[in-house]
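A.B. asks: Need a 3D model of the following:
(chains A, B, C and D)
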Protein chains: 4
Amino acid sequence: MAENKINVAIVGASGYSGEELVRLLLGHPHVNLSVLTSRQYAGQPMTSVFPRFAGYTGASELTFSEPSIDLLAEKAEAVFLALPHGVAAEFAVPLAERGVTVIDLSADFRLNDAGVYHEFYGAEHPSPEWLAKAVYGLPEVRRDAIGDATLIASPGCYPTSILLPTIPLLEAGLIDPGQIIADSLSGVSGAGRNASLPFLYVECNESLRPYGVPKHRHLSEIEQELSLANGSPVTVQFTPHLVPVNRGILTTLYLAPALGQADDFDQWTAAVADCLAKRYADEPFVRITGSERLPDTKNVTGTNSIEIGWAADPRTKRLRIFSAEDNLVKGASGQAVQSFNIRFGFDETAGLPI
Amino acid sequence: MAENKINVAIVGASGYSGEELVRLLLGHPHVNLSVLTSRQYAGQPMTSVFPRFAGYTGASELTFSEPSIDLLAEKAEAVFLALPHGVAAEFAVPLAERGVTVIDLSADFRLNDAGVYHEFYGAEHPSPEWLAKAVYGLPEVRRDAIGDATLIASPGCYPTSILLPTIPLLEAGLIDPGQIIADSLSGVSGAGRNASLPFLYVECNESLRPYGVPKHRHLSEIEQELSLANGSPVTVQFTPHLVPVNRGILTTLYLAPALGQADDFDQWTAAVADCLAKRYADEPFVRITGSERLPDTKNVTGTNSIEIGWAADPRTKRLRIFSAEDNLVKGASGQAVQSFNIRFGFDETAGLPI
Amino acid sequence: MAENKINVAIVGASGYSGEELVRLLLGHPHVNLSVLTSRQYAGQPMTSVFPRFAGYTGASELTFSEPSIDLLAEKAEAVFLALPHGVAAEFAVPLAERGVTVIDLSADFRLNDAGVYHEFYGAEHPSPEWLAKAVYGLPEVRRDAIGDATLIASPGCYPTSILLPTIPLLEAGLIDPGQIIADSLSGVSGAGRNASLPFLYVECNESLRPYGVPKHRHLSEIEQELSLANGSPVTVQFTPHLVPVNRGILTTLYLAPALGQADDFDQWTAAVADCLAKRYADEPFVRITGSERLPDTKNVTGTNSIEIGWAADPRTKRLRIFSAEDNLVKGASGQAVQSFNIRFGFDETAGLPI
Amino acid sequence: MAENKINVAIVGASGYSGEELVRLLLGHPHVNLSVLTSRQYAGQPMTSVFPRFAGYTGASELTFSEPSIDLLAEKAEAVFLALPHGVAAEFAVPLAERGVTVIDLSADFRLNDAGVYHEFYGAEHPSPEWLAKAVYGLPEVRRDAIGDATLIASPGCYPTSILLPTIPLLEAGLIDPGQIIADSLSGVSGAGRNASLPFLYVECNESLRPYGVPKHRHLSEIEQELSLANGSPVTVQFTPHLVPVNRGILTTLYLAPALGQADDFDQWTAAVADCLAKRYADEPFVRITGSERLPDTKNVTGTNSIEIGWAADPRTKRLRIFSAEDNLVKGASGQAVQSFNIRFGFDETAGLPI
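C.D. replies: Okay, here's the model as predicted:
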């Protein structure tokens, strides 16, 4: 069995995405979790920071260490980066150059264009030469490329919830690319495990608030990927909201028929339903609820699944599509593990709750 | 002082809207709360059902009684109806016919057209002859008519959050009436104080879910009022979501410039801002936050205020407008009291937290 | 592998304990879930009621059926009963008489004395002759008896959190049996998946309340088991509180040294710590946190683990012991599966998150 | 009217207690809020930090300023200090020496003994000479002294919930002073408005945890006041827990009959009930619920009221008393305003929701 296990490291293992990676990788049948780094907790046993993992096999032997390229390259064949953008690149590039497979959960290598990075992230891209080599790690869309990648840029939480329902419809020419609206609700874990006043319990409980409009950073990758699916540039209205749950993203998409397709609305609706059903029929983590039942985040919390359902509106000749995911799993760490599974030839669902 | 007090009754005082009416009217300087009815709790002291009001002056003398037209007509000059639709009309009509001022929080008299009522509420309207006589009680829009009304149909919670930002813009011809999208988040009190599985704590906590699409009942009054403001029929996409807070509605409106106004987007945005600022400059309960700060329900919970802010999006040449209200106050009982104040010539803010 | 699987049924599978059994047994390596019954949902696919299980292997084939003794006896070697007390006995006895192993999550067979049952449950015990034959299914205390049992009475959620810390200390003669106080906080799922006003979201959110004093039904089994450990009758003060979380019980125990042991308080504290540490050293589901770190329900939610920690108080010469568990797992369904594993000779942790 | 208004300042107005003071004092009929200080927000309009107060009369004119003794002494007759302990004394003493009435919400002047302060707060008391001059501001116990005080030390949130039910029983000799246990649950606002990891939404939601045992700082004032009521030293077991609500403290007290009074338990229970009922019959903010209905924090949130109820336990011959308060109102800012009202001769309920 030992030959079946990959040595894996997590850099930045003490944030919420990092914690979720610890959970998933400790239970992964083909992973030996060899290194966890955390500047903040270096030297402390992992279970003293995350007591909930105390009962996991192997948990008691893990101690956070200072991040070091040499240590990581020596001890791990694959490294997950759960770091802020900007910092991630400092690890991703030297590790990838040494042949280590890097799965980066930050935004550093999601964009193809350094100029867009600068526009949305407000800084020069640190390693633009790697942008073309990195693969945007949305498994349902880029499975083959992920299988060959050295540097996988795992998608953001909001983009995942928006891209999966929308890409097939754009590729099929079913929706008007000029009228896409994405309205998203996110749980507070999306804000990270950082001491920050707006995310205190008292500030979030009994509060509903939009934020980050009109140019939330995730918009850059949303538009990039939708433009690729569309074959020409797409501009999107995206509105994130913060709502008092720990986990979960619920996205409501407002979509209109492509030019000329509104005439027979029922036929268009059926075509949309058919397109999504077929596209995701064999995907283990995409659950099409159709119009029978609308998605609810509580159905996917803790899992790598995304629910996608819809409601046609004959009165306005438009369609709403809803998606529900766990922002920390399908929206972050679970999806990253899914890419890891693809990259190393394991069953794509290995270690991932459905 | 006695001549300054109106005898007031609440029918259906044991639901959440009824409870909120009790709160507001017990503290109202010009109200003598003479009758509270509740079939469920008839004979019980009010404070045994709502202990939180035990310290209010006069609370200990209130006992729920069976609802009776005669009793109400005898004991009250004004009657608030916090009843389900269909049931409300059974009280509203006989009371109004006897000259009692009725402020109905149900949907029974909000629509002008009995056919629309039938379409959205699935039943024949019980008293269509009263539809034309009832006044839709949105004070910022119908202040004068409310002042003369015998039967005031107080607006629904969602409609209030949608109409106040949108009506002025339609009246001014600033927005495209064919592209209005209203995406709303509501706290669970909106579902009423009824034992029902989907609204149990465990079912709502850590859950985000859309519902009621595409034809939530409130859509009927939303479209009616927007059509009136527009001068011709308006069809709206409206999506309500249930989120885990007790109170609050956060509405995100997606709006586009009226035909021909998109060319100078900055000028259009300024015109929208100016329109809303001027329209609501003297309104005590409308707080324009502009684009500086976005609305948050926690800023208005417990009050009759609504926050309205916006974010222009030069990339898509569209505008988001956000509104935040307490669904039980400005969205229900507070607004009803505001209409009461207008009707009886009191200061419009009497008894109402701002 | 097939010979390694037991056919298992769940009766009353649509409540919260039933749902949790579905979750655990669908993922159990040695279980074939053959029958799910629910009067309320008979005829409906399981995943239409619990969409979150849609991705589990075998889930799509499960449909709720009407409960029937014949069906259950024919299709299952082991039956879990997640039914109200009183109703459970109607299934437990005939099934047990036909040789089916019954794991009853209700209170019907937890008590040894039909008189105590009558006192606490307000009804004659329906099958007193089975009280002596049933085994109280607290694995850490009754492992051997569980292995031989036909009818296992799985403990209540509160009792589990109280008995595990207290029994070893009573057996060792370390604490005063006359001064035991148990103060417990419970999440709302403990109230069951029943439409009931006091457990609506709005009624529980932002509410902290005691209830069920002084004779909560669980007190009967708490005192029974503590009396057995003590060798003579023990009377306990037990106060449950309802707090707004979905899952979790946090129990605070106030304990005093046994007669004559208060003199050297440090030595007594050390003896208590030693007693608990040794007793639970090899127990997979009991996590002793000692005095270093206090238990927190969020460390055990979703798992079958219980955390036990303490704080000595030299000023009052008393000790607080804290325990944290998931009321639906270690406090109900997980513990029942643990007993099932013992009974059928599987690894005790099979199918159970730690 | 002007002569009827006192100029009042709040120092440290940007924390949760400070915010609550702003709410209460903006609505107070006899207060002119002349100065708000906050180092963090100096120079910013108050309503930019607390938009919820935007509609209050006078709110728009308030700007946070740097704290300065001279400014405060010049502009205010009464100063509320909502500062951390240690810092509060730096303002309290010079202001009191200049004749300004100081109402200190910190712990700096609650204790009579500088040694106890050192023991519990880990620092030398900065102004021990003022300890004897300060008055512990629990109005129901020290009303007369508060009326004459220059420096009022307003009680802590937990102590208020414990002292009000217990002091009358100790004074009456009804309970055993050696067996008092206080088990308290607190909402997260008690931890203050400080960016701190353990109080993030995600860390508190779905978490139940004890903390601060066995010597929470509030224990010092609890024991001091109970010892005074008892006439000899009292030692208490006090266990605070953090639970996920914004506001509210629910305290469960475990009490035993005083020596010799256990024989007729019913008589003792009646005497306890009578003692509390009589003691608080005329107190506007103490609501005795008796044994009919148990306290619930949601009945008092936002108000200055405390609910006190009980449940006798004939089986153990002990009594549980429960109290529920809003930790920020009766447990902090509301009680401070109550003392202010007493001190300046206003109606004790002025400006305070009941």
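A.B. asks: From chain D, how far off is the most far-flung residue of chain A relative to its centre?
C.D. replies: Going by C-alpha atoms, centre = their mean, the residue of chain A most distant from its centre is residue A:263, 36.1 Å out. With distances defined as C-beta to the nearest C-beta, to the nearest Å, the gap from residue A:263 to chain D amounts to 48 Å. No exception for glycine: its C-beta is placed from N, CA and C like everyone else's.
A.B. asks: cool, residue A:301 as well?
C.D. replies: Distance from residue A:301 to chain D, by C-beta to the nearest C-beta: 11 Å.
A.B. asks: Then residue A:88?
C.D. replies: In this view, residue A:88 and chain D are 22 Å apart by C-beta to the nearest C-beta.
A.B. asks: that's a helix at that residue, yeah?
C.D. replies: Yes - when DSSP: H, G, I helix; E, B strand; the rest coil is applied, residue A:88 is found to be in a helix.
A.B. asks: What strand or helix carries the spatially closest residue to it that is not a sequence neighbour?
C.D. replies: For residue A:88, the nearest residue in space outside its immediate sequence neighbours is residue A:106; the separation is 3.7 Å by C-beta to C-beta, 6 or more residues apart in numbering or on different chains. Secondary structure from DSSP states H and E places residue A:106 outside every helix and strand.
A.B. asks: From what I see, residue A:106 and residue A:91 are in contact.
C.D. replies: No - here residue A:106 lies out of contact with residue A:91, judged by C-beta atoms under 8 Å, at a distance of 9.6 Å.
A.B. asks: where do the contact lists of those two overlap?
C.D. replies: Taking C-beta atoms under 8 Å, 6 or more residues apart in numbering or on different chains as the contact criterion, the residues that touch both residue A:106 and residue A:91 are A:81, A:83.
A.B. asks: The residue farthest from the centre of chain A: helix or strand, and which one exactly?
C.D. replies: Using DSSP H and E, residue A:263 sits within no helix or strand.
A.B. asks: Backbone dihedrals for it, both of them.
C.D. replies: Geometry field for residue A:263 lists phi and psi as phi -60, psi -50, criterion degrees, to the nearest 10.
A.B. asks: What segments of the stretch 151-300 of chain A are helices?
C.D. replies: For the stretch 151-300 of chain A, helices defined by DSSP state H, counting those that start in this stretch occupy the ranges A:157-171, A:201-204, A:218-230, A:265-279.
A.B. asks: looking at these, which is closest to chain C?
C.D. replies: Checking the helices of the stretch 151-300 of chain A against chain C by C-beta to the nearest C-beta gives helix A:201-204 as the closest, at 11.4 Å.
A.B. asks: who does that closest one touch, helix- and strand-wise?
C.D. replies: With contacts defined as 3 or more C-beta pairs under 8 Å, 6 or more residues apart in numbering or on different chains; DSSP states H and E, the packing partners of helix A:201-204 are helix D:201-204.
A.B. asks: what sits up against the helix it packs on?
C.D. replies: Helix D:201-204 is contacted by residues A:16, A:187-189, A:193, A:199-201, A:203-205, A:244, A:246, C:298, D:188, D:197-198, D:242, D:244 when judged by C-beta under 8 Å, 6+ apart.
A.B. asks: Could you rerun that using 6 Å?
C.D. replies: Counting by C-beta atoms under 6 Å, 6 or more residues apart in numbering or on different chains, helix D:201-204 makes contact with A:188, A:189, A:199, A:201, A:204, A:246, D:188, D:244, all of which sit outside it.
A.B. asks: The closest residue to the fifth one other than its chain neighbours: neighbour count?
C.D. replies: If you skip the residues right next to it in sequence, residue A:204 has residue D:201 as its closest partner in space, 4.1 Å away by C-beta to C-beta, 6+ apart. The criterion is other C-beta atoms under 10 Å in any protein chain shown. On that basis, residue D:201 has 25 neighbouring residues.
A.B. asks: Could you tell me how far residue D:201 is located from chain B?
C.D. replies: Residue D:201 sits 12 Å away from chain B, taking C-beta to the nearest C-beta as the criterion.
A.B. asks: Where does the prediction get shaky in chain A?
C.D. replies: Chain A contains residues with pLDDT under 70 at A:1-3.
A.B. asks: residues from it in reach of chain B?
C.D. replies: If contacts are counted using C-beta under 6 Å from any C-beta of the partner chain, the residues of chain A sitting beside chain B are A:181, A:183, A:185, A:206-210, A:213-214, A:235, A:237, A:239, A:243-245, A:248, A:250, A:252, A:254, A:294, A:296-298, A:311, A:313, A:315-316, A:318, A:320, A:322.
A.B. asks: circling back to that earlier point, any idea how far the residue nearest to residue A:88 lies from chain B?
C.D. replies: Between residue A:106 and chain B the distance is 24 Å, computed by C-beta to the nearest C-beta.
A.B. asks: so that residue makes contact with residue A:89?
C.D. replies: No - in this structure residue A:106 lies outside contact range of residue A:89 using C-beta atoms under 6 Å: 7.9 Å.
A.B. asks: contacting residues around stretch A:148-166?
C.D. replies: Applying C-beta under 6 Å, 6+ apart, the set of residues contacting stretch A:148-166 from outside is A:92, A:96, A:101-105, A:109-110, A:134-138, A:146, A:182, A:184, A:190, A:218, A:221-222, A:225, A:249, A:251, A:253, A:306, A:308, A:321, A:323, A:325, A:327, A:331-332, A:335-336, A:339.
A.B. asks: May I see the buried residues of it?
C.D. replies: In terms of neighbour count (16 or more other C-beta atoms under 10 Å in any protein chain shown), stretch A:148-166 has its buried residues at A:149-166.
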